[in-house]
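Q: Got a predicted structure plus its sequence, pasted below:
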Amino acid sequence: MCGLGIDVRTGVAVTGLETRDGRVSAVVTGDGPVPADIVVLGLGVRPNTALAAEAGLPIGVTGGIPTDLRMRVLDTDGVWAAGDCVQTVHLITGQPVHVPLGTHANKQGRVAGINIGGGYATFPGVVGTAATKVCDLEVARTGLREQEAEKAGFAYITATIESTNRAGYFPDSALMTVKLIAEQRTGRLLGGQIVGKAEAAKRIDALAMAVWNGMTVDEMTMVDLAYAPPFSPVWDPILVAARKASKMLHG
Ligand SMILES: Cc1cc2nc3c(=O)[nH]c(=O)nc-3n(C[C@H](O)[C@H](O)[C@H](O)COP(=O)(O)OP(=O)(O)OC[C@H]3O[C@@H](n4cnc5c(N)ncnc54)[C@H](O)[C@@H]3O)c2cc1C
């Protein structure tokens, strides 16, 4: 990956670690041992709510503290919670989710503070927008992934396209892949993912706005996105993806 010698293996379980002279020497996998000097485990995040549970606060199905829209802990009086320790609601599925991100922690903290101070503010929930970068590869997502749409019971189509971040003839234009997931019956955008080398990840914000506002892929095809050669092809990759999804829905 990224030309840096990173060997990505998917669908392979890690079953143990081998040591030599008290130091790790290999990761044991279903694919055989992989020599290693250092092992970093990235296994997901769980809310640390032990203190809250000991204090008698409710703990939700996700393991996070459940709150109302104003970030007041459910079934309590004068207790407020925000950030990685709380669960929130996914605005597409309506289900409780634990999405520990700084973007939510900041908004929830602000909402809690306003309410504690006697004002009125609400945190509506999340659509699961996130972005990251591995070497020079940008990756972003919003809404539901296919597995999540499946689990929630949606019948959906997916449309994947490849395009460029700038006009193809422009210097340093780089490829990006956009994948959309749309509800079969209504055409509503359920989610999207973008992978690319440059100026790819933050394009997810346009998809996040579409998901947040319940737009259909048909509506998205003619949205007035900016075009100039240094910034995008004349059809932005998001519009190209929406057109493909629309065509798949209507034949
Ligand atoms: C490596 C890394 C990269 C990240 N990158 C992103 C990103 O790019 N975008 C994004 O949106 N989010 C990102 N996050 C997630 C983001 O940092 C968290 O969601 C956010 O910081 C949560 O805020 P918080 O206030 O709930 O918790 P924290 O920021 O963890 O703050 C909790 C505080 O409580 C203190 N504390 C804990 N227990 C006690 C106790 N018993 N008594 C007193 N104090 C206590 C802790 O020391 C800490 O200071 C990243 C997280 C990590 C680890």
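A: Yep, it's here.
Q: Next, the distance between the ends of stretch 61-74.
A: 13 Å (C-alpha to C-alpha, to the nearest Å).
Q: do stretch 65-83 as well
A: 10 Å.
Q: That one vs the ligand: in contact?
A: Yes. Under the criterion of C-beta under 6 Å from any ligand atom, stretch 65-83 makes contact with the ligand via residue 83. For glycine as for every other residue, the C-beta is placed from the backbone atoms N, C-alpha and C.
Q: And for residue 100, the neighbour number?
A: When counting by other C-beta atoms under 10 Å, one arrives at 18 neighbours for residue 100.
Q: Now do the contacts for it.
A: 45, 47, 83, 84 (C-beta atoms under 8 Å, 6 or more residues apart in numbering).
Q: which of those are buried?
A: Buried members of those, counted by 16 or more other C-beta atoms under 10 Å: 47, 83, 84.
Q: any chance of the residues you listed in JSON lines, plus secondary structure and pLDDT?
A: Output for the buried ones among the contacts of residue 100, formatted as JSON lines (DSSP: H, G, I helix; E, B strand; the rest coil; pLDDT from 0 to 100):
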{"residue": "47", "secondary structure": "coil", "pLDDT": "97"}
{"residue": "83", "secondary structure": "coil", "pLDDT": "98"}
{"residue": "84", "secondary structure": "coil", "pLDDT": "98"}
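Q: I'd like to know which of those is nearest to the ligand.
A: For these, the residue nearest the ligand by C-beta to the nearest ligand atom is residue 83; the value is 2.1 Å.
Q: Which secondary structure state does the closest residue to that closest one other than its chain neighbours sit in?
A: Closest residue to residue 83 apart from its sequence neighbours, by C-beta to C-beta, 6 or more residues apart in numbering: residue 105 at 3.8 Å. Put simply, residue 105 is helix when judged by DSSP: H, G, I helix; E, B strand; the rest coil.
Q: residues in contact with residue 105?
A: With contact taken as C-beta under 8 Å, 6+ apart, residue 105 is in contact with 82, 83, 84.
Q: what ranges of this protein fall below the confidence cut-off?
A: Counting by pLDDT under 70, the chain shows low-confidence ranges at 1-2.
Q: Show me the helices in it, by range?
A: All helices of the chain, identified by DSSP state H, fall at 50-54, 102-116, 146-152, 204-212, 217-220, 237-250.
Q: ok, the closest residue to the ligand within the stretch 151-251 of the chain - contacts?
A: Closest contact between the stretch 151-251 of the chain and the ligand, by C-beta to the nearest ligand atom, is at residue 201 (10.7 Å). By C-beta under 8 Å, 6+ apart, residue 201 lies in contact with 131, 132, 133, 138, 139, 140, 194.
Q: do residue 234 as well
A: 167, 227.
Q: Phi first, then psi, for it.
A: Here is the backbone geometry of residue 234 (degrees, to the nearest 10): phi -60, psi -40.
Q: circling back: let's see if you can find the most crowded of the contacts of residue 201.
A: Highest neighbour count within the contacts of residue 201: residue 194, with 25 neighbours (other C-beta under 10 Å).
Q: right, and it touches residue 206 too?
A: No. Between residue 194 and residue 206 there is no contact under C-beta atoms under 8 Å: 9.7 Å.
Q: Give me the neighbour count for the nearest residue to residue 157 once chain neighbours are set aside.
A: Distances taken as C-beta to C-beta, 6+ apart put residue 248 closest to residue 157, at 5.0 Å, once the chain neighbours are dropped. Neighbours of residue 248 under the rule other C-beta under 10 Å: 16.
Q: hang on, the earlier thing: now the helices of the chain in a markdown table, with distance to the ligand?
A: Below are those laid out as a markdown table (distance: least, C-beta to the nearest ligand atom, whole Å):
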| stretch | distance to the ligand |
| --- | --- |
| helix 50-54 | 6 |
| helix 102-116 | 3 |
| helix 146-152 | 19 |
| helix 204-212 | 13 |
| helix 217-220 | 25 |
| helix 237-250 | 22 |
